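A.B. asks: how would this look folded up:
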Amino acid sequence: MNRVYDKVKSWLFPKVLKSYPREAQESNNNLNRTFWNTRRLLIQIQGFLENEKLRIRIEGNFTNNGLNHEGKLYHFITSFCEISLNNDKRGRYNITYFLNPNLLEIIGDNYGNILEARIYELITDNEMKGFINYNPLNCMYERYFNELLMITETKSNYTVIITEKAIP
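C.D. replies: Modelled structure (predicted):
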């Protein structure tokens, strides 16, 4: 079974990164894999949460927009975290993230600590330093999430999914 990030790799690398040095290709591949693994972790955490609203996720796919400009490739948002895989004008990947300031209160200490540890692991990884960025929001995260839910109704790039509850 071909995973989504493998599809992105096969779609993107031949077109944009063919002439890139090996180090840049490896960096992009690592960031791509990191994004999808972090997304998977967030979905797993959502599956253990009782509240259905906390299991809502918004996923944005912008890979059909072309890569001649700087922007998002994928956007993943929950009520407690946001993460996106982006490319710059040169085709180099980076990841931006934001954790809801009320993370521990919303999803509990256990899951919150797991998520915080994962993010800390990413930002302190020597290979990824400079490519993982914190993106502070200038508004309350709950309001931002609710506004994005409304935007998804008119934007075809976004889909809203409710993660199924995991069986304990």
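
A.B. asks: where do the strands sit along this structure?
C.D. replies: 56-61, 71-78, 81-87, 93-99, 132-134, 158-162 (DSSP state E).

A.B. asks: most tightly packed of those?
C.D. replies: strand 81-87 (a mean of 23; mean count of other C-beta atoms under 10 Å). (Glycine included, C-beta is placed from N, CA and C.)

A.B. asks: that one pairs with which strands?
C.D. replies: strand 71-78 (antiparallel), strand 93-99 (antiparallel) (DSSP bridges).

A.B. asks: now for Glu142: which residues touch it?
C.D. replies: Contact analysis of Glu142 by C-beta atoms under 8 Å, 6 or more residues apart in numbering lists 79, 100.

A.B. asks: that one and Gln46, how far apart?
C.D. replies: Computed as C-beta to C-beta, to the nearest Å, the Glu142 to Gln46 distance reads 16 Å.

A.B. asks: equivalent analysis for Asn86, please.
C.D. replies: Asn86 is 23 Å from Gln46, by C-beta to C-beta.

A.B. asks: then Ile151?
C.D. replies: 20 Å.

A.B. asks: so these two - more neighbours on which side?
C.D. replies: Gln46 (26 against 13; other C-beta atoms under 10 Å).

A.B. asks: find the nearest non-adjacent residue to that one, please.
C.D. replies: Thr163 (4.0 Å; C-beta to C-beta, 6 or more residues apart in numbering).

A.B. asks: give me phi/psi at that neighbour?
C.D. replies: Phi and psi for Thr163, reported as degrees, to the nearest 10, are phi -70, psi 130.
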